[in-house]
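[1] Please find the sequence and the predicted model below.
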Amino acid sequence: MPLNQQVLLDNRPEGEAVESNFRLVQTETPALSKGQVLVRHHYLSLDPYMRGRMNDSKSYAEPQPLGEVMIGGTVGEVVESQHPKYTPGDKVVGMGGWQEYSVVDGDVPGALRRVDTTHVPLSHYLGAVGMPGVTAWYGLVKIIAPKAGETVVVSAATGAVGSAFAALAKARGCRVVGIAGGPEKCSYATAELGFDACIDYRAHPDVKTMSKALKEACPNGIDGYFENVGGYILDAVLLRTNAFARLALCGMIAGYDGQPLPMANPALILINRLKLEGFIVSEHMEVWGEALAELGGLVAAGKLRPRESIAQGLASAPSAFLGLLKGKNFGKQLVKVI
């Protein structure tokens, strides 16, 4: 069995996460038992939710245990199998974590899934046609539920979730406005991802200027908002919401280092009779099949062209992850392991 490099969570952050919170080790891969599959990872997914799991505090998921492999989505290839459903060479997606190889129990529901790379690149199963894409689908379809002609807004617009959100919303006849960091990302949002407008939050660093920019980009107000960030951006969006607007709350990356995120004017929820719903996409597995079918079709048809930031080698995962939390990535952040 091959030697396996792994990245462990060595200690918990105190405030901002740093590279020394992680530790790179090498271990021996155990021999397979009946029903197990050995997967060699090609790509590792880095996602903002991982930062919350580094803390030992109440959240929607259990904290990442210290001294264990960091959790994370992976795509790769079966190299050895003791399970009748899987054969060497199968391309698979799973939650193999920050390591080169994983040993997976093939009988555990949802632990491993074969994927077709004929029309969809393997890496996209960690982004547009994976958990981030389904996240965008659920927030848009099940919570915002837009009608044609309505205006919807998404923060972190050029990331894996935001890019999928744009394609899905345009397919439903919406005006789609993004919020992203920097003129290059905003240009990409409108030129490549199909956004009708994109606001650079770096040029609008407070509620007043962001609200003004939203007014210009959303002349008919905001009917739906997909929240990934929180903080002053949410406050500015609330000022521009229409009556009965729907807000899908997916992430609050502005508060992942532990600082509180107060809401400046919560009375607007009542005044505008807003629907505000937080959700965790893993709790809605019943929609994944429908969502992935639509997302795969959009990618195959060229209507969803996701961009990827790819760090090279497992050892680069901690620095790439910290860069993701600061918005340094451009598109879906991956680590190329193989």
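    On my side now, so go ahead. Since we're looking at a predicted model, the values are computed, not measured.
[2] Hmm, residue 7 and residue 23 touching each other?
    Yes - in this structure, residue 23 is within contact of residue 7 by Cβ atoms under 8 Å, at 7.2 Å. In this view, the C-beta of every residue, glycine as well, is placed from N, C-alpha and C.
[3] So if I had to pick from these two, which one is more boxed in?
    Each of residue 23 and residue 7 has its neighbours counted (other Cβ atoms under 10 Å); residue 7 has more, 24 against 15.
[4] Give me the nearest residue to the more buried one, chain neighbours excluded.
    residue 98 (3.9 Å; Cβ to Cβ, 6 or more residues apart in numbering).
[5] check contacts around that neighbour.
    Residues near residue 98 by Cβ atoms under 8 Å, 6 or more residues apart in numbering: 6, 7, 44, 69, 70, 71, 72, 314, 317, 335.
[6] partner residues bridging the residue nearest to the last one when sequence neighbours are not counted?
    Residue nearest to residue 335 in three dimensions, not counting chain neighbours: residue 44, with 4.2 Å by Cβ to Cβ, 6+ apart. Beta-bridge partners recorded for residue 44 (DSSP bridges): residue 74, residue 335.
[7] Test my guess that residue 44 contacts residue 71.
    No - applying Cβ under 8 Å as the test, residue 44 and residue 71 come out as separate, 10.6 Å apart.
[8] So which of the two has more stuff around it?
    Just comparing residue 44 and residue 71: by other Cβ under 10 Å the higher neighbour count belongs to residue 44, 29 against 18.
[9] what sits against that one?
    Per Cβ under 8 Å, 6+ apart, neighbours of residue 44: 72, 73, 74, 96, 97, 98, 126, 314, 317, 334, 335, 337.
[10] which residues in the stretch 151-300 of the chain form strands?
    For the stretch 151-300 of the chain, applying DSSP state E, counting those that start in this stretch gives strands covering 151-155, 175-180, 197-200, 222-227, 241-249, 275-278.
[11] okay, the angle between the first one and strand 241-249?
    In this case it means strand 151-155. Angle of strand 151-155 versus strand 241-249, following axes from the mean of the first three to the mean of the last three Cα atoms, to 10 degrees, is 40 degrees.
[12] Would you state the helices of the stretch 201-338 of the chain in chain order?
    Ranges of helices in the stretch 201-338 of the chain, per DSSP state H, counting those that start in this stretch, are 207-217, 232-240, 267-271, 288-300, 317-325.
[13] Quick one, grab the pLDDT at residue 148.
    We have a pLDDT of 98 for residue 148.
[14] Isn't it up against residue 169?
    No - using Cβ under 8 Å as the test, residue 148 is too far from residue 169 to be in contact (10.3 Å).
[15] before we move on, back to that, what distance do you get for the residue nearest to residue 335 to residue 315?
    The gap separating residue 44 from residue 315 is 12 Å, by Cβ to Cβ, to the nearest Å.
[16] domains of this structure?
    What automatic domain parsing lists as the domains of the chain is 3-127+306-336, 131-282.
[17] residues in contact with residue 4?
    Residue 4 touches 26, 27, 28, 29, 99, 100, 101, counting by Cβ under 8 Å, 6+ apart.
[18] shouldn't the fourth one be in contact with residue 104?
    Read that as residue 29. No - if you go by Cβ under 8 Å, residue 29 and residue 104 don't touch, sitting 11.9 Å apart.
[19] Return every residue with contacts to both of those two.
    residue 38.
[20] So for the two, which sits in the more crowded spot?
    residue 104 (24 against 17).
[21] low-confidence ranges in this protein?
    Confidence mapping of the chain against pLDDT under 70 gives the ranges 60.
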